[in-house]
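**Student:** Quick one, fold the following:
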Amino acid sequence: MKPGNWVPYLILVLVIVGVSFAFKESPMTIIIPVVVFGLIFYWYKKPPAFLSKGQRTNRSYRTAAAKTNKAKKERPRSKTVPFKVIEGGRDDNDTPRYH
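**Tutor:** Got it, this is the predicted structure:
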């Protein structure tokens with residue numbers, strides 16, 4: 001075992017002892033922060049309806065985009081038209097003026 005390996009365990013034991021004594025003296029000093037942090041964590045994972053307005057619009061955007069993509073795919077494709085070559089009136093030996 002390395003000499004510095006026991007330090008985190010000592011800190012963990014001291015934290016557990018401190019929390020247990022604080023809970024023994026007045027339990028509300030421990031319960032209230034745990035409940036508050038628990039609610040914050042719960043609302044972070046599953047936000048209530050009045051807080052999740054941005055997610056609702058994002059969801060509607062996705063469904064609208066999926067509908068338009070589906071409509072584009074269902075449209076029949078146009079016929080392929082072969083290219084037509086238009087004869088120009090220039091000589092091949094002439095160099096362009098900008099060179």
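**Student:** CA only for contacts and neighbour counts going forward, please
**Tutor:** Will do.
**Student:** Please enumerate the helices of this protein.
**Tutor:** Secondary structure of the chain (DSSP state H): helices at 7-25, 28-45, 53-74.
**Student:** Put together TSV for those helices, with mean neighbour count on each row.
**Tutor:** As requested, those are arranged in TSV below (neighbours: other Cα atoms under 10 Å):
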stretch	mean neighbour count
helix 7-25	12
helix 28-45	12
helix 53-74	11
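**Student:** Could I get those in JSON lines, plus columns for mean pLDDT?
**Tutor:** As requested, the helices of the chain are exported to JSON lines (pLDDT from 0 to 100):
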{"stretch": "helix 7-25", "mean pLDDT": "92"}
{"stretch": "helix 28-45", "mean pLDDT": "91"}
{"stretch": "helix 53-74", "mean pLDDT": "67"}
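**Student:** so which of these comes closest to K84?
**Tutor:** Put simply, out of these the one that sits nearest K84 is helix 53-74, at 28.2 Å, with distance taken as Cα to Cα.
**Student:** rewinding a little: dump the helices of the chain into JSON lines; add distance to T80 as well.
**Tutor:** Rendered in JSON lines, the data for these read as follows (distance: least, Cα to Cα, whole Å):
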{"stretch": "helix 7-25", "distance to T80": "73"}
{"stretch": "helix 28-45", "distance to T80": "52"}
{"stretch": "helix 53-74", "distance to T80": "17"}
